[in-house]
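> A predicted structure for the sequence below; I have some questions about it.
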Amino acid sequence: MADRLFDPNDLMSQEVEANATKREPLPVGEVNAQITEIKFESGMSKAKPGKESRPWCRMDATCEITDPDYLKGVGDGTREKAVVFVGIMVDMKDGRVAVGADRNVELGRFREAAGVNGQPLQALIGQYVRLSIVHEPHYQRPDETVHKVANFAAPQ
């Protein structure tokens, strides 16, 4: 047991208080956040009548908010950080990020906000951006409110 965080057999029989069933949204506002991770997801869209299946690619940036003034409004006000995600659809061409007029404009804006446009995408990691957090209804449970990153800019 010394190497384990817990004993699975004991855990199965323990009394556990009720868990939360929804996440409280982060406060609305603008806040600086550090980009800590970049991941890519890809796949094929579903074919629809009159529309064939197409490949897609999305970049997901994990951003950590550590501003103590902003975090006072999160939960009980004692959190050290909050994590948000910025998802950006990426146009690809021959296995590379497509560039040129009207190509990957949102990605370019994000890279510009982080001060690394024109550098390898890994240069985003560790950079700061200013995020605009808004509230909107949950896409599957419209009676619940969730937070969303609506915009980003260079940090202030």
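Received, thanks.
> going forward, measure contacts and count neighbours with C-alpha atoms only.
Will do.
> would you mark the buried spots in the worst-scoring helix or strand of the chain on mean pLDDT?
Of all helical and strand segments in the chain, the minimum by mean pLDDT, DSSP states H and E falls on helix 8-13, at a mean of 90. For helix 8-13, a neighbour-count test (16 or more other CA atoms under 10 Å) marks nothing as buried.
> which strands and helices lie in contact with it?
When contacts are defined as 3 or more CA pairs under 8 Å, 6 or more residues apart in numbering; DSSP states H and E, helix 8-13 packs onto no helix or strand at all.
> point out where the protein drops to low pLDDT.
When the per-residue scores of the chain are filtered using pLDDT under 70, the ranges that remain are 1-2.
> top helix in it by residue count?
helix 105-113 (DSSP state H).
> which SSE is immediately downstream of it?
strand 128-137 (DSSP states H and E).
> how about residue 40, nearest residue that isn't a chain neighbour?
Among residues not flanking residue 40 along the chain, residue 59 sits closest, at 4.6 Å (CA to CA, 6 or more residues apart in numbering).
> so what are the sheet partners of the helix or strand hosting the one you found and their directions?
Here residue 59 is covered by strand 55-65, with elements defined by DSSP H and E. Counting by DSSP bridges, the strands paired with strand 55-65 are strand 29-44 (antiparallel), strand 82-89 (antiparallel).
> next, format those as CSV and append mean neighbour count and distance to residue 136.
Converted to CSV, the strands paired with strand 55-65 look like this (neighbours: other CA atoms under 10 Å; distance: least, CA to CA, whole Å):
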stretch, mean neighbour count, distance to residue 136
strand 29-44, 16, 13
strand 82-89, 17, 15
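> format the ones you listed as a markdown table; extra columns: distance to residue 107.
What follows is the strands paired with strand 55-65, written out as a markdown table (distance: least, CA to CA, whole Å):
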| stretch | distance to residue 107 |
| --- | --- |
| strand 29-44 | 12 |
| strand 82-89 | 6 |
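> give the contact list for residue 146.
23-26, 135-138 (CA atoms under 8 Å, 6 or more residues apart in numbering).
> out of those, who has the most neighbours?
Neighbour count (other CA atoms under 10 Å) singles out residue 26 as the most crowded of these, with 20 neighbours.
> that residue against residue 149, yeah?
No. Applying CA atoms under 8 Å as the test, residue 26 and residue 149 come out as separate, 10.2 Å apart.
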